[in-house]
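Asker: Have a look at this prediction, sequence included:
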Amino acid sequence: MIRFVHARDYDDMSRKAANIISAQIIVKPDSVLGLATGSSPLGAYKCLAHWYDKGDLDFAQVTSVNLDEYRGLSHDNEQSYYYFMHKNLFSKVNINPERTFVPDGTIVDEVEACKKYDEIIRGTGGVDLQLLGIGHNGHIGFNEPDEVFAKGTHCVHLSQTTIEANSRFFDSIEEVPTQAYTMGIQTIMNAKRILVVVSGVDKAEIVEKAFFGGITPWVPASILQLHRDVTVVGDTQAFSKIMDLI
Ligand code: F6R
């Protein structure tokens, strides 16, 4: 089942999403959170850090597993997702660093890297709340459009549109890694609850396709239509093509 929560703008979307994450942690202090990087969740992370500062939130028992990581980037590389998570959330709250997991981009052997991450996810006992952004081509994590839905953690070749979209974080497009390790679709679908954040008019088309179009691996996010408990928090621009449908 998909619930749509309409937010006025990016800040409103971020607060609403952070409220949902916050409620999850309050109700279940030892929650396993599936986390994402990118622009969409940044505002929510800021809110969570702020509420932690105020004494309203406690991450002491929380475990986190991130969706993805560029292959080949070390933890201290500023473009790595490990670095992003530390900078924007982990260093700002009292989460136990030993309970924060991001796929290890430095493991060269892809079979080993993926197997290790699947074992880590299994070891957490399962994700309670998975936070997701959506790529312009419908990717979730780095599950790119394909002929099939990939199940577990795997190594992907990033599509040209994803490389172009992510080049905004790098000095030049040539520096964007072309491969990444990502959680699979089945792992994402195994999460008890899913929270999607979408903002901006450039996401309007994919939001319509993903949630009101056919379910196909060519639009990976469309699989979310089959999940029991999905909440999509989007701003007016991102929801502009679905306003009459929700
Ligand atoms: C990031 C991730 C990606 C992003 C997606 C949207 O960990 O898994 O799927 O969520 O590319 O990115 P933004 O939010 O930057 O538009």
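Answerer: In hand now; what should we look at?

Asker: Could you chop the chain up by domain?
Answerer: The record, using automatic domain parsing to delimit domains, assigns the chain the ranges 1-61+71-110, 136-178.

Asker: Tell me which of those sits nearest to residue 211.
Answerer: Residue 211 lies closest to domain 1-61+71-110 among the domains of the chain, at 6.1 Å (CB to CB). No exception for glycine: its C-beta is placed from N, CA and C like everyone else's.

Asker: ok, now which ones touch the residue nearest in space to the middle of the chain?
Answerer: With distances taken as CA atoms, centre = their mean, residue 36 lies nearest the centre of the chain, 2.7 Å away. With contact taken as CB atoms under 8 Å, 6 or more residues apart in numbering, residue 36 is in contact with 66, 67, 131, 132, 133, 141.

Asker: hang on, the earlier thing: want to throw the domains of the chain into JSON lines with mean pLDDT?
Answerer: Putting the domains of the chain into JSON lines (pLDDT from 0 to 100) gives the following:
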{"stretch": "domain 1-61+71-110", "mean pLDDT": "97"}
{"stretch": "domain 136-178", "mean pLDDT": "93"}
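
Asker: want to throw those into JSON lines with distance to residue 196?
Answerer: Below are the domains of the chain laid out as JSON lines (distance: least, CB to CB, whole Å):
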{"stretch": "domain 1-61+71-110", "distance to residue 196": "9"}
{"stretch": "domain 136-178", "distance to residue 196": "8"}
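
Asker: which one of these lies closest to residue 195?
Answerer: domain 1-61+71-110 (5.5 Å).

Asker: returning to what we had before: filtering the contacts of residue 36 by proximity to the ligand, which remain?
Answerer: Restricting the contacts of residue 36 to those within reach of the ligand (CB under 6 Å from any ligand atom) leaves 67, 133, 141.

Asker: So the residue nearest to the centre of the chain versus residue 147, what's the distance?
Answerer: As judged by CB to CB, to the nearest Å, residue 36 and residue 147 stand 24 Å apart.

Asker: Same check on residue 59?
Answerer: Residue 59 sits 39 Å away from residue 147, going by CB to CB.

Asker: How about residue 32?
Answerer: Residue 32 is 31 Å from residue 147, by CB to CB.

Asker: can you check residue 69 too?
Answerer: Distance, residue 69 to residue 147, using CB to CB: 24 Å.

Asker: more neighbours, those two?
Answerer: Just comparing residue 69 and residue 147: by other CB atoms under 10 Å the higher neighbour count belongs to residue 69, 27 against 7.

Asker: just checking, the more buried one touches residue 102?
Answerer: Yes. Counting by CB atoms under 8 Å, residue 69 does reach residue 102; the two are 5.4 Å apart.

Asker: Common neighbours of those two, please.
Answerer: Common neighbours of residue 69 and residue 102 (CB under 8 Å, 6+ apart) are 81, 82.

Asker: re the thing from before, to residue 237, which of the domains of the chain lies closest?
Answerer: domain 1-61+71-110 (8.1 Å).
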